[in-house]
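# no FASTA, just this:
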């Protein structure tokens, strides 16, 4: 049994002319915004919010808050299981590039940011749902997320990925609404004040199987902490501009998608628990179909089961049994 699957990378620019590819998950933030009558205005306003937030955080030598602009590319990684040219869209992330308009220099931003995965849809919307409906007393099925975690690590440690990107991804998501977060004394000049939680959420545990640890920071001017998932050392491995690009991009998406948390009219307290029922928040001028997002997750999970999990089940099980990150690195 070969431990090698072929992977390939595609890029598409996220701008006001963006059209989602056929293989893009429709629940993904950037795809959701790019449909319907308001699509161009949605995209234009989203990019404006990203740029404004970036300049607010990169404020040094930037008195008019317009020195920088951010370009965002959607990175799609496809996997060819059998080596016959038939691929499956395994993950999507975002890559940002910053332009310094004072020097005309282009600066690398973060790879990662958002995280889109059909297999994660399958795990949470099919496997976990069926497990819970069976009235099981266990928190999750045995081995929940194992295959997805190994596939992710295989991809980001592949020669194909490393040839394209010189950093491991940092994924920036919303905090859990089920956990309490406590502010601690640690404060980073870019990421802001740090929060800690008493126990991992299910999402934290799922990302841990992807080889990622999590820390929670609330940047200056933010309403709530963000969850940063990373491999390595978040505070030492990435430049200020990489960190700012992740904050500005993902906080913008969260303000649109979860305004009750990230566009609240007051900032998180010393002890904080996020709530989608919080009433004191502002809406952005961007149309977002949150109901559709929830409905499509189940459909996309079942589509993944029929088009990826079932057809390749034996191959994937054998591969996952023999695959380790150490083997790949060797």
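Received, thanks. Just so it is clear, the model here is predicted, and its values are computed rather than measured. Residues are numbered from 1 along each chain as shown.
# Chain neighbours aside, what residue packs nearest to residue 168?
residue 231 (4.7 Å; Cβ to Cβ, 6 or more residues apart in numbering). Just so you know, the C-beta spots here come from the backbone N, C-alpha and C atoms, and that holds for glycine as well.
# Contacts for whichever helix or strand residue 40 is part of, please.
Using DSSP states H and E, residue 40 maps to helix 39-57. Here helix 39-57 makes contact (Cβ atoms under 8 Å, 6 or more residues apart in numbering) with 14-18, 33-34, 62, 65-70, 72, 98, 190, 219-221, 244-245, 247-249, 251-253, 255-256, 284-288.
# repeat that with 7 Å
Here helix 39-57 makes contact (Cβ atoms under 7 Å, 6 or more residues apart in numbering) with 15-16, 18, 33-34, 62, 65-70, 190, 219, 221, 244-245, 247-249, 251-252, 256, 285-287.
# On the three-state scheme, residue 244 is what?
Of the three states, residue 244 takes helix under DSSP: H, G, I helix; E, B strand; the rest coil.
# ok, residue 186 - contacts?
So residue 186 contacts residue 194 (Cβ under 7 Å, 6+ apart).
# all helices of the stretch 101-250 of the chain, in order?
Here the stretch 101-250 of the chain has its helices, by DSSP state H, counting those that start in this stretch, at 118-122, 128-133, 146-156, 159-164, 202-208, 240-257.
# Among those, show me which one is buried the most.
helix 240-257 (a mean of 25; mean count of other Cβ atoms under 10 Å).
# Please give the number of neighbouring residues around residue 307.
Using other Cβ atoms under 10 Å, residue 307 has 12 neighbouring residues.
# wait, what's in contact with it?
Residue 307 sits next to no residue when contact means Cβ under 7 Å, 6+ apart.
# ditto for residue 67
55, 100, 101, 102.
# If you rank those residues by neighbours, which is first?
Busiest of these [other Cβ under 10 Å] is residue 55, holding 19 neighbours.
# Please tell me how far that one sits from residue 5.
Plainly put, residue 55 is 41 Å away from residue 5 if you go by Cβ to Cβ, to the nearest Å.
# got it, and residue 210?
Residue 210 is 16 Å from residue 5, where distance means Cβ to Cβ.
# next one: residue 306
From residue 306 over to residue 5 (counting by Cβ to Cβ), the distance is 20 Å.
# The closest residue to residue 247 other than its chain neighbours: neighbour count?
Nearest non-adjacent residue to residue 247, counting by Cβ to Cβ, 6+ apart: residue 219, 5.2 Å away. By other Cβ under 10 Å, 21 other residues sit near residue 219.
# Sounds good, over and out.
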